[in-house]
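A.B. asks: below are the sequence and a predicted model for it; my questions follow.
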Amino acid sequence: MPRVAFLILEGVHLLDLAGPVQVFSEAEELGADYKLIHCSVKPTVKSAQGITLADLAPLPDLLPGDLLLVAGCKVGGNLRTMPCPPDEVIHWLQEHHRRGISITSVCSGAGVLGYAGLLQGRKCTTHHMLTDQLQEMFPKAKVQDNRLYVTDGNITTSAGIASGMDMALHFIEQQHGAIFAAKLARGMVVYHRRQGMDLQDSLYMQYRAHLHSGVHRVQDYLIEHAHEQVPLSNLAQLAHLSPRHLTREFKEHTGLTPLQYQQRLRLEKARQLMQNRNLTVERISEMCGFEDARHFRRLYRELLGVSPREARALQS
């Protein structure tokens, strides 16, 4: 079972900590195996908001596959005021970095990684008000502006506050897939965003800003069966509507017909499979449920603006 260790230092910001904790906790409830560890160099820590966190565990001995997260602490808008963490923390971070453990930070937590020397020569980010200060304090770091989170090797740093949840969702998507992460995000009523180089919003979260429960049931079913031929009458039964009424309601609440929505789901799956150079366009077309490769190519260009071949060339 992967462990997720949350390092809690004096003056921790509650949302920097609670956001990612909630994401992994909700993932557990959906069936993902995680063991959450709240740790520090002392058993109690007072947060920036005045709440005291108690019964904290000692710094654990993590293994590959585990995740270490450093929550941000109060710096009053000035990262330079952040004191160097205790030697025990610095040595713990450095040792786990050498082991290849995935290490992450939220907001000013990047400063802790900087003090440990883990940002040298690496792309990283932090809260937009602190990026210049992070660069000044750690000149060998390659600080990135306007990014939700940045991964460079086994180090991932995120921007301020709520972006820690985006980063947590990103890790869960890597381990459990996009559909699981999107379901988790929907349950938490948050948008599931990805890295700047990728699409800003997951397709699995798009077209969901409505309150029609029947249409949501149909969308959930189509996400799970995107590659299958699903009769409209079957979808109508899920929504407790007639086929004609479902088509009208689906269009009104999403702007698409059920078939158009399913085609977009197939294209999203195809877009992900295109990264596997061992799969031919014909094989991807078959795996995603398109009529044939010609139909796949036509829709790909029509909806994504480039052909599958051009898309692969852009990826390289």
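C.D. replies: Good, I have the coordinates. Numbers count the residues shown, from 1 in each chain.
A.B. asks: what bridges to residue 66?
C.D. replies: residue 64 (DSSP bridges).
A.B. asks: run a quick neighbour tally on it.
C.D. replies: 20 (other CB atoms under 10 Å). C-beta here means a position set from N, CA and C on the backbone, and glycine is covered the same way.
A.B. asks: now the most centrally placed residue in the chain: how far from residue 51?
C.D. replies: For the chain, residue 170 is the residue whose C-alpha lies nearest the centre (CA atoms, centre = their mean; 1.9 Å). Distance, residue 170 to residue 51, using CB to CB, to the nearest Å: 27 Å.
A.B. asks: what helix or strand does residue 36 sit in?
C.D. replies: Element membership for residue 36 (DSSP states H and E) is strand 35-39.
A.B. asks: helices or strands up against that strand?
C.D. replies: Using 3 or more CB pairs under 8 Å, 6 or more residues apart in numbering; DSSP states H and E, the elements in contact with strand 35-39 are strand 3-7, helix 14-29.
A.B. asks: could I get these as a markdown table with mean neighbour count and mean pLDDT?
C.D. replies: Converted to a markdown table, the helices and strands packed on strand 35-39 look like this (neighbours: other CB atoms under 10 Å; pLDDT from 0 to 100):
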| stretch | mean neighbour count | mean pLDDT |
| --- | --- | --- |
| strand 3-7 | 23 | 96 |
| helix 14-29 | 20 | 94 |
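A.B. asks: to residue 153, which of those lies closest?
C.D. replies: strand 3-7 (18.6 Å; CB to CB).
A.B. asks: that closest one pairs with which strands, and in what direction?
C.D. replies: When pairing is defined by DSSP bridges, strand 3-7 lines up against strand 35-39 (parallel), strand 67-70 (parallel).
A.B. asks: can you say which of the ones you listed is packed in most?
C.D. replies: With neighbours defined as mean count of other CB atoms under 10 Å, the strands paired with strand 3-7 peak in mean count at strand 67-70, which reaches a mean of 26.
A.B. asks: circling back to that earlier point, can you verify the residue nearest to the centre of the chain is assigned to a strand?
C.D. replies: No: in this structure, residue 170 is helix, not part of a strand, as judged by DSSP: H, G, I helix; E, B strand; the rest coil.
A.B. asks: and the gap between it and residue 275?
C.D. replies: 16 Å.
A.B. asks: check what pLDDT residue 191 gets.
C.D. replies: Note on residue 191: pLDDT of 59.
A.B. asks: what sits closest to residue 107 if chain neighbours are left out?
C.D. replies: Leaving aside its chain neighbours, residue 107 sits nearest to residue 72 (3.1 Å; criterion: CB to CB, 6 or more residues apart in numbering).
A.B. asks: and what of residue 154?
C.D. replies: residue 102 (5.2 Å).
A.B. asks: give me the distance between the one you found and residue 59.
C.D. replies: Distance from residue 102 to residue 59, by CB to CB: 16 Å.
A.B. asks: circling back: for residue 288, which of the strands paired with strand 3-7 is the nearest?
C.D. replies: Using CB to CB, the strands paired with strand 3-7 put strand 67-70 closest to residue 288, at 31.4 Å.
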